[in-house]
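In: Requesting a structural model of the entry that follows:
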Amino acid sequence: MSNINKQALRSKARSASAGEWIKESGDGWEAICSTNDQANGNFIIAHFEGPDARANREFAQAANPDTVLALLDELEAAEHTAAVDHEAACSLVEENEELKRKLEAAEKRIAELEAREVRLPPTFWYEHDDLPREIPVLSRRLVINALREAGVKIASGIGKEE
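Out: Presented below is the predicted three-dimensional model:
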């Protein structure tokens, strides 16, 4: 239903007989009357005859102006919610694409770092009178040089000759 049709329906519902629509019936006919409408109070709003008179009257009575206005309000609220949800979904799609790009870049960088090889200098054994055994030791200067050659950043203060 277009907005123009919804607006027209809302206008027609507002100008229709207000208030509760009640059942009236007679021999072989059914009708709907309004109890609250000053202009049409207790006058027949709709008259039904035939084999489907009761079902048609029940439907028309249920589809009264208040019901139509409530349905239009619910539809308007649902359309607003759908528009807000659509906007949020579009924003999430954009954010997701950006996160995918960042993830791919991070995975590539991790792969580069993991593929990098650092060859450490050979160890030598340190023997000290206070120690029960020899301890393998790497030259600090040679380790720092090997790390620098591999492109590993060295924290400030480390590797300076003291």
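
In: Which stretches in the chain count as helices?
Out: 3-15, 53-62, 65-115, 140-149 (DSSP state H).

In: Now stretch 71-86: buried residues?
Out: residue 72 (16 or more other Cβ atoms under 10 Å). To be clear about C-beta, it is placed using only N, CA and C from the backbone, and glycine gets the same treatment.

In: could you dump it to CSV, C-alpha only?
Out: Extracted in CSV, the C-alpha atoms of stretch 71-86 (Å, rounded to 0.1, in the frame of the first residue of the first chain):
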residue,chain,number,x,y,z
LEU,A,71,-3.1,-1.0,12.4
LEU,A,72,-1.8,2.0,10.5
ASP,A,73,0.1,3.2,13.6
GLU,A,74,1.6,-0.2,14.0
LEU,A,75,2.6,-0.3,10.3
GLU,A,76,4.1,3.2,10.5
ALA,A,77,6.1,2.1,13.6
ALA,A,78,7.2,-1.1,11.9
GLU,A,79,8.3,0.8,8.8
HIS,A,80,10.3,3.2,10.9
THR,A,81,11.9,0.3,12.8
ALA,A,82,12.7,-1.4,9.5
ALA,A,83,14.4,1.7,8.1
VAL,A,84,16.5,2.1,11.3
ASP,A,85,17.4,-1.5,11.2
HIS,A,86,18.3,-1.3,7.5
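
In: what is the mean pLDDT for that stretch?
Out: Averaged over stretch 71-86, pLDDT sits at 96.

In: if I look at the residue lying farthest from the centre of the chain, how far off is residue 45?
Out: Distance from the centre of the chain peaks at residue 129, with 69.3 Å (Cα atoms, centre = their mean). In this structure, residue 129 and residue 45 are 113 Å apart, going by Cβ to Cβ, to the nearest Å.
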